[in-house]
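>>> here is my input; please provide its structure:
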Amino acid sequence: MWASLFFVMHTTLSLAIVARVLLRPRVEPSIRLAWIMVIEAVPLIGIVAYLLFGEVRMRQADVQRMADARDRLTGLSSQSDLIAVEPPDAVRPVVAANTAVGGMPVLSGNRLRLLEESDAAIDRLVEAIDAATDHVHILFYIWLPDASGTKIAEAVIRAEARGVECRVIVDALGSRGLVRSDLWERMSRAGAECVTAFPIGLPFISILFQRLDLRNHRKIVVIDNRLAFTGSRNCADMAFAIKPRYAPWVDILVSVEGPVVRQLQTVFLADWMSYTGRDLGQMLQAVDPVATPGALTQVVATGPDLRAGSVSDCLSGMLHQARERVVITTPYYVPDAALDAAIRAAALRGVQVTMILPARNDSLVVGATSQGFYDGLLAAGVQLMLFERGLLHSKIMTVDGRMAMIGSANLDRRSFELNYEVNIGVFDRDFIAALDRRQASYAARSRRLTLEEVRGWSAARRLRNNLLAIASPLL
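Below is the predicted model:
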């Protein structure tokens, strides 16, 4: 009797959950199918897994607060402030896609500089903070209390001592080591306003209202409304103390001057206002051009409360415009179907497509899932290079030497659907040439993977990789 009752209840509940999966808007068919298979194949556990991780659940009050902050900041924008321009015809579709996803126009008059690959890049941040006269805004997903993290914290403390207002946001999970350290207390005691994004609190209660794996993955530093830094680099040594066996961690960090600094400031202020409820809209000031015509640049900020699109849409748009060559660097490749198809389609029509990925990934599951896509990429003509001198963590795509996307977003569904990310689209041949030189240096430290090698892997390895690739819509 009890077995029959359980069967009826489970069947009824599973059908109700399947109906919910089918009725949800803006969900890829592959994701619907994957969840239905899990729900039906794994009794009860599949239902629980879907309820916990199948939907991007957020507290409605948080979503509204974020929307209010963005609306307030958008209302402070004016065309004269933005120095918006009409992009060249060759990149117009890409600019339009970036604008549709991120909501910000492309701006002229900017200067971008690619900083050193070494820990000296952190010294550039310290120098900029030490030169600040009005304010310092810092946002990092991971800020470690190591040598680099200590340098930045001490620079913040020095800035506060001379009257500079410092505001710090770190992700509660990614920077939990810093938040528990004396550095966090020292910055707070010095006067810096320190805030954590997505604090975990009581997980067994919080999980009822919001997914616990939503994270702020952005990396932004803004100094005095005149200088900003962004890229893939966290505030940490290349030795990366929490995962030293994969070191060095190889990243990019870019300094930005000009009107696009205002856009990065907008992203920081929107986060700050949504986390604290305090209105700092008055700080969103016009930023003068620093070059004529300067680099065409636009910020693309994405997050799960927006869902108008994702970085995947922007990158796919770039790939559809490719005519000669594409170079992609990413540590994690678990794409949606559209992006994977766009990469393979570019190679099939004769575009030289090179992808540079780490030979050894810090996540066994993600690394194996990525390998499940290798056969299709190689068969289409994509050249795969495996970086062997550490964990390649840079996120770069360049197309034909005329357009690029760099920033915090990985080529995986977490970055597309769950994380708050910030990237910048760049349409400047000189800066893109510097990016291509950096990527060429990655390729020089890599080995080429062949289709024959992949097809020679053991049956067990191929079975594991392909099963995980099938499950990638859930990862």
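
>>> which stretches of the protein have low pLDDT?
Counting by pLDDT under 70, the chain contains low-confidence ranges at 1, 6, 58, 75-84, 201-210, 307, 474-475.

>>> geometric centre of it: which residue is closest?
Centroid check for the chain by Cα atoms, centre = their mean gives A409 as the closest residue, at 2.2 Å.

>>> show me what the helix or strand harbouring M397 is packed against.
Under the criterion of DSSP states H and E, M397 resides in strand 396-399. Counting contacts by 3 or more Cβ pairs under 8 Å, 6 or more residues apart in numbering; DSSP states H and E, strand 396-399 is packed against helix 311-321, strand 325-329, strand 403-407, helix 429-444. The C-beta positions use only the backbone N, C-alpha and C, and glycine is treated the same way.

>>> now the last one and strand 403-407, what's the angle there?
Between the axes of helix 429-444 and strand 403-407, defined by axes from the mean of the first three to the mean of the last three Cα atoms, to 10 degrees, the angle is 60 degrees.

>>> before we move on, the earlier item: paired strands for the strand holding M397, with orientation please.
strand 325-329 (antiparallel), strand 403-407 (antiparallel) (DSSP bridges).

>>> quick check: next helix or strand after the first one?
Going down the chain from strand 325-329, the next helix or strand is strand 333-334, by DSSP H and E.

>>> run the chain-centre distance for that following strand.
Here the centre of strand 333-334 is set off from its chain's centre by 13 Å, with Cα atoms, centre = their mean, to the nearest Å.

>>> ok, it: who's next to it in the sheet?
Take DSSP bridges as the rule and strand 333-334 pairs in its sheet with strand 411-412 (parallel).

>>> what residues does the helix or strand following the strand it pairs with touch?
Next in sequence after strand 411-412, counting helices and strands by DSSP H and E, comes helix 413. Here helix 413 makes contact (Cβ atoms under 8 Å, 6 or more residues apart in numbering) with 334-336, 472-473, 475.

>>> give me that answer again for 6 Å
Outside helix 413, the residues that touch it by Cβ atoms under 6 Å, 6 or more residues apart in numbering are V334.

>>> what angle do strand 403-407 and the helix or strand following that helix make with each other?
Once the chain leaves helix 413, the next helix or strand it forms, by DSSP H and E, is strand 421-427. With the same axes, to 10 degrees applied, the angle from strand 421-427 to strand 403-407 works out at 160 degrees.

>>> and strand 421-427, what's buried?
Neighbour counts over strand 421-427 (16 or more other Cβ atoms under 10 Å) mark 421-427 as buried.

>>> now render these as JSON lines, adding distance to W272.
Shown next, in JSON lines, are these (distance: Cβ to Cβ, whole Å):
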{"residue": "E421", "distance to W272": "17"}
{"residue": "V422", "distance to W272": "14"}
{"residue": "N423", "distance to W272": "20"}
{"residue": "I424", "distance to W272": "20"}
{"residue": "G425", "distance to W272": "24"}
{"residue": "V426", "distance to W272": "25"}
{"residue": "F427", "distance to W272": "29"}
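
>>> for V261, what are its contacts?
Counted by Cβ under 6 Å, 6+ apart, V261 has contacts 228, 287.

>>> now V56. Its backbone dihedrals?
phi -90, psi 90 (degrees, to the nearest 10).

>>> closest one to S394 among the strands paired with strand 396-399?
Closest approach to S394 among those is made by strand 325-329 (4.9 Å; Cβ to Cβ).

>>> that older thread, and the residue nearest to the centre of the chain, how far from F416?
A409 sits 8 Å away from F416, taking Cβ to Cβ, to the nearest Å as the criterion.
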